[in-house]
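> Predicted coordinates and the sequence they were generated for:
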2 protein chains.
Amino acid sequence: MTELWLDQVRWNSDGLVPAIAQDHLSGKVLMVAWMNREALALTVQEKRAIYWSRSRQKLWRKGEESGHIQQLHDIRLDCDDDVILLSVEQLGGIACHTGREHCFFKTLSDGEWVAVEPVLKDPQKIYDK
Amino acid sequence: MTELWLDQVRWNSDGLVPAIAQDHLSGKVLMVAWMNREALALTVQEKRAIYWSRSRQKLWRKGEESGHIQQLHDIRLDCDDDVILLSVEQLGGIACHTGREHCFFKTLSDGEWVAVEPVLKDPQKIYDK
C-alpha cells in the first residue's frame, strides 16, 4: 500500500501535526488536537477522528469514553503541509471535555478571558458511566 | 497595565501558540500560524492578525506585503489555554500565499492530496508590486 500521502505531511520534530476539527454543517471550529502518522492513517481508514494524546502518550479515539465520536466528512491539508483540517459530524453535539459544544468558549473581554458558552452536560455525567 | 490574560495562555517551549484564522462570515478556516506573546498582544491592540513567523523569526503583520490584512472581529482561547481562534474579515478575499481564498485547498482523494480550489490571483502579482 502506498503511503506517499502520509510522507507528504510535514511532521514536526515530535512526529506530530495539529489537526483542527470543524463541524461540517455549522462551520464551527470544535477543537484542536494532535496527530501522529498512525493517528492520521487510522482517521482516514476508520472515517472518524483519531488523535495522539500528548499528555497520555497514546492514541486517542475521540469519543472512546464520552461517546462523542467525530465522524469524518472531509479532510484537508494546508499549503505548508503541516496542518490538518477535519470536517466532521460531532455526535452528541459536544466536542469539549468541559461539556460544551466546542473548546473555544473563552473570549477576551475587558482584558480577561471570559467563558461565554454554556455547559450542555455535566462532565461528570459524560465520563463517569 | 495588567497582562494576566497573556499569562493565562499556555505558551509552548518555544514561547508560541497556534492561532487559527476563521472568516467571520463564511466560517471558513483560512489559515493557521503561530503567535508569541508580543504578536498576541499586538493583534488585540491593533485589531488585526499579527503572527510570529517561525521561518523568518520575526513578527509578521499579516498583509504587510500582500495587503491581505485580517481585521479582528473576535478572539477566543480554547479550554486548554493553548490554541487561539481569531474571527476575522479577510481583506482582498485571499488568505493563502498561493493566491487562494484559504490555505486548506488540498483534499485527500484516492490516496493523494489534490488541490481542489482555484488560484484567485497569481502570487507573483500579489507580492511583486
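Sure, I can see it.
> List the contacts of A:W11.
A:V17, A:N36, A:R37, A:D82 (C-beta atoms under 8 Å, 6 or more residues apart in numbering or on different chains). In this view, the C-beta of every residue, glycine as well, is placed from N, C-alpha and C.
> cutoff 10 Å now
Listed by C-beta atoms under 10 Å, 6 or more residues apart in numbering or on different chains, the contact partners of A:W11 are A:V17, A:M35, A:N36, A:R37, A:L40, A:D81, A:D82.
> Make a markdown table from those and add secondary structure to it.
Listed next are those as a markdown table, based on DSSP: H, G, I helix; E, B strand; the rest coil:
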| residue | secondary structure |
| --- | --- |
| A:V17 | strand |
| A:M35 | strand |
| A:N36 | coil |
| A:R37 | helix |
| A:L40 | helix |
| A:D81 | coil |
| A:D82 | coil |
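> Mind listing residues that contact the helix-or-strand element of chain A with minimal mean pLDDT?
Lowest by mean pLDDT, DSSP states H and E among the helices and strands of chain A is helix A:123-127, with a mean of 88. Residues outside helix A:123-127 that contact it (C-beta under 10 Å, 6+ apart): A:E65, A:S66, A:G67, A:H68, A:G92, A:I94, A:C96, A:H97, A:T98, A:G99, A:R100, A:L120.
> restrict the residues you listed to contacts with chain B.
Among the contacts of helix A:123-127, the residues within reach of chain B (C-beta under 10 Å from any C-beta of the partner chain) are A:C96, A:H97, A:T98, A:R100.
> List buried residues within the contacts of A:W11.
A:V17, A:M35, A:N36, A:R37, A:L40 (16 or more other C-beta atoms under 10 Å in any protein chain shown).
> between these, which is nearest A:R54?
Using C-beta to C-beta, A:N36 is the member of the buried ones among the contacts of A:W11 that sits closest to A:R54, with 9.8 Å.
> where's that closest one relative to chain B, distance?
Distance of A:N36 to chain B, computed by C-beta to the nearest C-beta, to the nearest Å: 17 Å.
> how about the residue lying closest to that residue once chain neighbours are set aside, what does it touch?
Distances taken as C-beta to C-beta, 6 or more residues apart in numbering or on different chains place A:W52 nearest to A:N36, at 4.4 Å, with adjacent residues excluded. Counting by C-beta under 10 Å, 6+ apart, A:W52 makes contact with A:14-17, A:19, A:33-40, A:58-60.
> which pair in those spans the largest distance?
A:V17 and A:K58 (17.2 Å).
> re earlier: most neighbours among the ones next to chain B among the contacts of helix A:123-127, which one is it?
Sorting those by how many neighbours each has (other C-beta atoms under 10 Å in any protein chain shown) puts A:C96 first, at 23 neighbours.
> That's all I had, so thanks and see you.
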